[in-house]
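1. sequence and computational prediction follow.
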Amino acid sequence: MPGIKTISLTLLLAVSLSFCCADVAVTFDTQTPEFTARDTYLSFNVDTGSVFNDFDFTDVGLRNLIKNFALAAPTQLRMGGSAADHVFFTGNDGPRANCSTSTETRICINTAYWDEINDFMSYTGMNFVFDVNLRVRQGNQGPWDPTNAEELLDYTASKGYKIAAWQLGNEMEEWWKGGFNITGTQIGADYHNFYKLLVSKYPTLPSTIYGPDSCCEQKINGTILTSFVSAVTDILNTVTIHDYPLGRLPDRSCPTAAYLIVAAYKSLKSFFDVNIGYIKKGLKSVKIPIVLGETASTAEGGCDGLSNRFVAGFVFIYELGSVAESHVVQMNRQDIAGWSSETVKSNYVLLGPAGWVTTEKSGFPSPHPDYFLAILWKQLVGTTVLTSSYNNTDVFDAHVWCSSGFHGIPPFVPVLTFLNVDSQETTVTVPSVESIVPRIEYFFTSTATPDDTVNPSSLYGDESYLNGDLLAVNKDGTLPQFPIQGRRVTDPSVPLKVPPYSYGFVVFEDEFVPACTLHAN
């Protein structure tokens, strides 16, 4: 998990209240794209800690809820996290889930459990990324021992399971807590050995490797990340890093006030500036895509009543809009459901109560507001972000992307993504478009009829309304309607006004943008 961030909430709150947002003008470059991300730009994680707790991948409701993502757009699902470095494949007759000893935390995946996991990936349409245990070593400080990994690979190849990519280990900067003192160069050598194993012995399995799932390089001035990247430029497909914009306060408490402070979200930009600098130092002239492999609002399992509530959507849509502007090709939201480690229940889940394992034990995994925001993003937004700006305001944020071109949305038109944490309705003008109509509005609010008197307490509720209609799923986890419909506005005299305490999307459906026909990287 990423390190603690110190956020001066008093200062940030004073800044956020210093400017009242009534009118905002958003402009964007219509000719040249800023960056083109992967078609799996918004993807997700299931923490291996959920496997420790015998997470039920056969649950019908869960499977349908996750399948909804793939109906909207291609999606990766990574199974990883710090718990991945405690996983062992135990074959046909071995134990599953928690198989710890008196001296060691162990997570066991036998053939039956691996079958269930891969059937889940197939049914839901997820592109499966699996994080292999890197801490099993030849001696405490020696090289990686691939023996158990080979047993898993043998079985996976024999079953013909489809794996999109592999990872090896998680957050190596934190290994010192377990008594390890491994360098980035040594881990680079471990990755080479893994790559050679895949290429030489498993021609039917992908040799695509992501890594190293770095989290805390600022504390060590990039020492491990830079040396690792330098060692693997010839075999690594994607560099993965982790960040949670709101972090934790120094006393490890939840940064409650920061959830409504746009300036607090923007720590993500400085994180990228620093860590991409470390990566580029190792890459030199080589180009390898970068993925934000873990993210949510608050670190270390999130905060109940915050990171699983409507208010978390302000942080989420900011991340979705801005991450690609740092030329990051994908972001993985932590978690779909369940746990964030073996012993910590996940409060930044998209589905169900923290610590969900199965409907029988935990109840139906009902969606939280960020789930619906994720569905709409994948339905509406494509892969190219445009260079955009808006007049200075501390309570509003906007980004402009090209449309998905699917699900009834025209191709090559702009999609405005926005958040408004002002207590007032905000009028938005978009000088870069010839006309603000026809447009389709998708406004998320915490109440059915938001106005200037909206009760801020509703922001900490678990309900989300789209254009005034409460969002929900069917009892079996399917969507009542897909594509989800917005509100079409055709009258040019109707201004574009976004409600107080809202976030969402505006599609300008007749506004062809030349930049959206181009690819940028």
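-> That came through fine.
2. could you find the closest non-adjacent residue to Val344?
-> Spatial nearest neighbour of Val344, excluding adjacent residues (Cβ to Cβ, 6 or more residues apart in numbering): Gly301 at 4.2 Å. No exception for glycine: its C-beta is placed from N, CA and C like everyone else's.
3. mind checking pLDDT for the residue positioned nearest the centre of the chain?
-> Centroid check for the chain by Cα atoms, centre = their mean gives Arg333 as the closest residue, at 2.2 Å. Looking at Arg333, its pLDDT is 98.
4. tell me which element it falls in.
-> Taking DSSP states H and E as the criterion, Arg333 maps to strand 330-334.
5. what lies in contact with the following helix or strand past that strand?
-> Moving toward the C-terminus from strand 330-334, the next helix or strand (DSSP H and E) is helix 359-362. Residues from elsewhere that reach helix 359-362 (Cβ atoms under 8 Å, 6 or more residues apart in numbering): 56, 59-62, 352-353, 355-356, 365.
6. who are the packing partners of the next helix or strand after helix 359-362?
-> Per DSSP H and E, helix 359-362 leads on to helix 369-380 as the next helix or strand towards the C-terminus. Contacts defined by 3 or more Cβ pairs under 8 Å, 6 or more residues apart in numbering; DSSP states H and E place helix 369-380 against strand 42-47, helix 60-72, helix 312-322, strand 439-445, strand 502-508.
7. span of stretch 514-521 from start to end?
-> This stretch, stretch 514-521, spans 16 Å end to end (Cα to Cα, to the nearest Å).
8. could you list the buried residues of that stretch?
-> For stretch 514-521, the neighbour count (16 or more other Cβ atoms under 10 Å) marks 515-516, 520 as buried.
9. quick one on the thing from earlier: pairing partners for the strand holding Arg333, with directions?
-> Neighbouring strands of strand 330-334 in its sheet, by DSSP bridges, are strand 42-47 (parallel), strand 290-295 (parallel).
10. who touches stretch 143-153?
-> Against stretch 143-153 from outside (Cβ under 8 Å, 6+ apart): 88-89, 91, 109, 114, 132-134, 136-138, 168, 186, 189-190, 193-194, 197-198, 201-202, 205.
11. in strands, which of these appear?
-> Applying DSSP state E to those, the entries found in strands are 88-89, 91, 109, 132, 168.
12. which residues of the chain fall in helices?
-> Remark: helices assigned in the chain by DSSP state H are 9-16, 48-52, 60-72, 111-124, 147-159, 184-201, 223-231, 262-265, 267-283, 312-322, 359-362, 369-380.
13. may I see these organised as JSON lines, with distance to Asn392 added?
-> Listed next are those as JSON lines, based on distance: least, Cβ to Cβ, whole Å:
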{"stretch": "helix 9-16", "distance to Asn392": "11"}
{"stretch": "helix 48-52", "distance to Asn392": "42"}
{"stretch": "helix 60-72", "distance to Asn392": "34"}
{"stretch": "helix 111-124", "distance to Asn392": "43"}
{"stretch": "helix 147-159", "distance to Asn392": "52"}
{"stretch": "helix 184-201", "distance to Asn392": "41"}
{"stretch": "helix 223-231", "distance to Asn392": "34"}
{"stretch": "helix 262-265", "distance to Asn392": "11"}
{"stretch": "helix 267-283", "distance to Asn392": "16"}
{"stretch": "helix 312-322", "distance to Asn392": "16"}
{"stretch": "helix 359-362", "distance to Asn392": "46"}
{"stretch": "helix 369-380", "distance to Asn392": "26"}
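14. let me know which of the ones you listed is tucked in deepest.
-> Highest mean neighbour count among those (mean count of other Cβ atoms under 10 Å): helix 48-52, with a mean of 27.
15. so how far is that helix from its chain's centroid?
-> Chain-centre distance of helix 48-52: 18 Å, with Cα atoms, centre = their mean, to the nearest Å.
16. swap in stretch 131-139?
-> Using Cα atoms, centre = their mean, the offset of stretch 131-139 from its chain centre is 26 Å.
17. please apply the same query to stretch 137-156.
-> 29 Å.
18. and if you look at stretch 344-358?
-> In terms of Cα atoms, centre = their mean, the centre of stretch 344-358 is set 15 Å apart from its chain centre.
19. alpha carbons of that stretch, as CSV, please.
-> Taking Å, rounded to 0.1, in the frame of the first residue of the first chain, the C-alpha atoms of stretch 344-358 are listed here in CSV:
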residue,chain,number,x,y,z
VAL,A,344,-8.3,-5.9,6.2
LYS,A,345,-11.8,-5.6,4.7
SER,A,346,-12.0,-3.4,1.7
ASN,A,347,-14.0,-0.2,2.1
TYR,A,348,-13.2,1.1,-1.4
VAL,A,349,-15.1,-1.7,-3.0
LEU,A,350,-17.5,-1.2,-5.9
LEU,A,351,-19.8,-4.0,-4.7
GLY,A,352,-21.1,-5.3,-1.4
PRO,A,353,-20.2,-4.8,2.2
ALA,A,354,-16.5,-4.6,3.2
GLY,A,355,-15.3,-8.2,3.5
TRP,A,356,-17.9,-9.7,1.2
VAL,A,357,-17.2,-13.3,0.3
THR,A,358,-20.5,-14.8,-1.0
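20. grab the nearest non-local neighbour of the residue nearest to the centre of the chain.
-> Phe44 (5.1 Å).
21. ok, Leu320 next?
-> Leu320's closest residue in space is Trp377 (Cβ to Cβ, 6+ apart), at 5.6 Å.
22. can you check Phe372 too?
-> Leu471 (4.7 Å).
23. same check on Ser100?
-> Leaving aside its chain neighbours, Ser100 sits nearest to Arg106 (5.0 Å; criterion: Cβ to Cβ, 6+ apart).
24. what about this structure, any weak spots by pLDDT?
-> Segments of the chain classed as low confidence (criterion: pLDDT under 70) are 1-22, 176-178, 451-454.
25. ok, now with 80
-> Along the chain, the model assigns pLDDT under 80 to residues 1-22, 140-141, 175-180, 217-220, 249-250, 392, 450-455, 521.
26. now the helices and strands packed on helix 369-380 in TSV, with distance to Arg96?
-> Putting these into TSV (distance: least, Cβ to Cβ, whole Å) gives the following:
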stretch	distance to Arg96
strand 42-47	16
helix 60-72	18
helix 312-322	32
strand 439-445	39
strand 502-508	40
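27. Gly293 is nearest to which of those?
-> Judged by Cβ to Cβ, the one of those that comes nearest to Gly293 is strand 42-47, at 7.8 Å.
28. need the residues that contact the closest one.
-> For strand 42-47, the external contacting residues (Cβ under 8 Å, 6+ apart) are 55, 66, 69, 73, 75-81, 83, 127, 293-294, 320, 330-341, 346, 350, 374, 377-378.
29. circling back to that earlier point, most neighbours, which of the ones in strands among the contacts of stretch 143-153?
-> The most crowded member of the ones in strands among the contacts of stretch 143-153, judged by other Cβ atoms under 10 Å, is Leu168 (27 neighbours).
30. rewinding a little: closest to Phe272 among the buried residues of stretch 514-521?
-> Ala520 (17.1 Å).
31. now the closest one: how far from Gln31?
-> 11 Å (Cβ to Cβ, to the nearest Å).
32. my understanding was that Asp243 contacts Leu292; is that so?
-> Yes. Counting by Cβ atoms under 8 Å, Leu292 is a contact partner of Asp243 at 6.5 Å.
33. and for Ser432, the neighbour number?
-> For Ser432, using other Cβ under 10 Å, the count is 18.
34. can you pull the phi/psi pair for it?
-> Backbone torsions for Ser432, taken as degrees, to the nearest 10, come to phi -80, psi -10.
35. partner strands of the biggest strand by length in the chain, with direction?
-> Under DSSP E, the strand in the chain containing the largest number of residues is strand 23-36. Applying DSSP bridges, strand 23-36 is found paired with strand 381-390 (antiparallel), strand 426-429 (parallel).
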